[in-house]
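Novice: compute the structure for the input listed below.
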Amino acid sequence: MAQQFVSTERAITAILDLLRGNQVDAAVLAYTSYQEDIGFPLLSRVVAEAPMQKAVANLFYRARDYPKAALCCENLGEFEKAALLYEKCQDYEMAADMYARLQMPLRSAEMFEKAQKHRQAAELFMQGGDSQRAAINFEKALSHYHAGKLYFQLERLNKSMELLQKVKREEDEFIEAALLIAYILERNGHVDLAIRKLQSVELGPVNEKTSRVWYRLGDLFAKKGLKDEAKKIFSDIVAFDFNYMDARQRFEDLEKGGSGLQIGAEASELEAGVPELAVTPEATQVVSVMEGFEYLKQLPLFEELSLQEMKALYTRCEQKHFQPNDRLIAQGVAGENLYILTAGSYQVRRTAEGKEPHVVATLGPGNYVGEMSLIDDAPTSAEVIAAAPGTALAISKTAFSVFLASNDHVALRVYRVFVRTMCERLRKANEQLSAKG
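Specialist: Numbers count the residues shown, from 1 in each chain. A predicted model of the protein is given here:
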């Protein structure tokens, strides 16, 4: 096949002439017809002309050259458009930078997460107030102390312990990690283990770095009734700093034969800001029950997800309560949620034009409705009404998108099941049509 050749200068000039003549379709056709990339030379010709930059940005977008369209928008200061375009072409770090310029920390964090830049993602999730996703990303970044501390604040104590125990002695946060571990052990009624953990820190004399650990040890000894050991520690702390918290008051109480358990008006530095946890002293661990999880786990749509991935999806669900005649899904409008029915009875009703609604099906716990709303904006074909008091787990389209955005591998598996489900439905519909024919 004979090839035509044209100089880059001539090609660029021809495209710009078409754009100036408002012949955008022809310009797009010309731009996409060249095997070599002439986008950057084209952009450099209009860098000083804002109107032409916009025209070239539109050209790049319509030609599906999204990276260069994003660059144009960035140069023009249109950072939101640039962010969406960088995201579209999977340049997540640049998308994160654009969202950061727009002061959108959560969107920026999501982009860093997709780019596997977990430390940056974690810090931005913290800034945006999403502690759970911050903890997940700190963990992926192997920042065990910060992840463990966040899981502690989220009351996931087993996970917190697991990560805090990975903090190495040479790390700056080792002492802070030991203090948190001791705090968790004490809260679970294991004062002896808490003492042993702090003693393993190899403290040396009381100084600015070790004073908090010594103070906690003194407190734990007092709680165990080991008054001499507690008195010695509080005495050493007072010798280091006469006004250190309530150490002097507790030492004096022990000197007088008291328990040494009196706490002054000033709370300890460790306990300040730490959430109160209702822990039974006899408990060996703290767990929480995920209500309705068994129904979520059974959904065919998520059959390829692991247990941990299903648990992560569960955190995106919202528990909904319904009374009779409450509407979950309206007919003829785009759906907003997938509902996994966990209790009650529900009617699927369809209304033909000019007629009364008729019941198509009655559903109970374990059924689900609205799944196509997660990937499609088409109007629904029926409405779903509560027939009795009930509950359901709801996953919104937005929450589902965020969940998939955090893990491309999960997204691939979920969409694969969606495609398979749609193919099966299409095949059944064709079979029914054939049977009627």
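
Novice: would you map out the domains in this structure?
Specialist: By the record's domain assignment, the chain is partitioned as 8-134, 142-255, 293-431 (automatic domain parsing).

Novice: okay, those in TSV with mean pLDDT, distance to residue 261 and mean neighbour count next?
Specialist: Glycine gets a C-beta too; all of them are placed from N, C-alpha and C. Output for those, formatted as TSV (pLDDT from 0 to 100; distance: least, CB to CB, whole Å; neighbours: other CB atoms under 10 Å):
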stretch	mean pLDDT	distance to residue 261	mean neighbour count
domain 8-134	90	32	18
domain 142-255	87	5	18
domain 293-431	86	39	16
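
Novice: okay, residue 291 and residue 394: tell me how far apart.
Specialist: 13 Å (CB to CB, to the nearest Å).

Novice: which residues do these two both contact?
Specialist: residue 319 (CB atoms under 8 Å, 6 or more residues apart in numbering).

Novice: which residue packs closest to the residue sitting nearest the centre point of the chain, ignoring adjacent ones?
Specialist: The chain has residue 133 as the residue nearest its centroid, 3.8 Å off, counting by CA atoms, centre = their mean. Leaving out its chain neighbours, the residue that sits closest to residue 133 by CB to CB, 6 or more residues apart in numbering is residue 125, at 4.5 Å.

Novice: enumerate every residue touching the one you found.
Specialist: Going by CB under 8 Å, 6+ apart, residue 125 touches 105, 106, 109, 131, 133, 134, 137.

Novice: what does residue 254 give?
Specialist: Counting by CB under 8 Å, 6+ apart, residue 254 touches 222, 227, 230, 231, 234, 260.

Novice: turn these into a markdown table, including secondary structure.
Specialist: Converted to a markdown table, these look like this (DSSP: H, G, I helix; E, B strand; the rest coil):
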| residue | secondary structure |
| --- | --- |
| 222 | helix |
| 227 | helix |
| 230 | helix |
| 231 | helix |
| 234 | helix |
| 260 | coil |
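
Novice: which one of the residues you listed sits closest to residue 334?
Specialist: Checking the contacts of residue 254 against residue 334 with CB to CB, the nearest one is residue 222 at 62.9 Å.

Novice: and the strands in the stretch 1-150 of the chain?
Specialist: Using DSSP state E, counting those that start in this stretch, the stretch 1-150 of the chain contains no strands.

Novice: that one: helices as residue ranges?
Specialist: 8-20, 24-32, 39-45, 50-62, 66-75, 79-88, 92-101, 105-114, 118-128, 131-140, 144-153 (DSSP state H, counting those that start in this stretch).

Novice: need those helices in CSV with distance to residue 296, can you?
Specialist: Below are the helices of the stretch 1-150 of the chain laid out as CSV (distance: least, CB to CB, whole Å):
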stretch, distance to residue 296
helix 8-20, 52
helix 24-32, 45
helix 39-45, 46
helix 50-62, 39
helix 66-75, 35
helix 79-88, 28
helix 92-101, 29
helix 105-114, 23
helix 118-128, 24
helix 131-140, 18
helix 144-153, 22
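
Novice: quick one: which of those is nearest residue 160?
Specialist: That would be helix 144-153 among the helices of the stretch 1-150 of the chain, by CB to CB, at 4.0 Å.

Novice: what comes into contact with the closest one?
Specialist: Contacts of helix 144-153 (CB under 8 Å, 6+ apart): 122, 131-132, 134-136, 138-139, 157, 159-164, 166-167, 171, 173, 176-177, 180, 184, 274-275.

Novice: with adjacent residues omitted, what lies nearest to residue 92?
Specialist: Residue 92 sits nearest to residue 115 (CB to CB, 6+ apart), 3.8 Å away.

Novice: list phi and psi for that neighbour.
Specialist: phi -80, psi 0 (degrees, to the nearest 10).

Novice: ok, now which ones touch it?
Specialist: 92, 93, 96.

Novice: let me know the closest of those to residue 306.
Specialist: residue 92 (23.6 Å).

Novice: check the offset of stretch 420-437 from the chain's centre.
Specialist: Here the centre of stretch 420-437 is set off from its chain's centre by 38 Å, with CA atoms, centre = their mean, to the nearest Å.

Novice: alpha carbons of it, as CSV, please.
Specialist: C-alpha atoms of stretch 420-437 as CSV (Å, rounded to 0.1, in the frame of the first residue of the first chain):
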residue,chain,number,x,y,z
ARG,A,420,-21.9,-12.5,32.7
THR,A,421,-25.2,-11.8,34.4
MET,A,422,-26.3,-9.5,31.6
CYS,A,423,-25.4,-12.0,29.0
GLU,A,424,-27.4,-14.7,30.8
ARG,A,425,-30.4,-12.4,30.9
LEU,A,426,-30.1,-11.5,27.3
ARG,A,427,-29.8,-15.2,26.3
LYS,A,428,-32.9,-16.1,28.3
ALA,A,429,-34.8,-13.2,26.7
ASN,A,430,-33.8,-14.4,23.2
GLU,A,431,-34.9,-17.9,24.1
GLN,A,432,-38.3,-16.6,25.2
LEU,A,433,-38.7,-14.6,22.0
SER,A,434,-37.7,-17.7,19.9
ALA,A,435,-40.3,-19.8,21.8
LYS,A,436,-43.0,-17.3,21.1
GLY,A,437,-42.0,-17.1,17.4
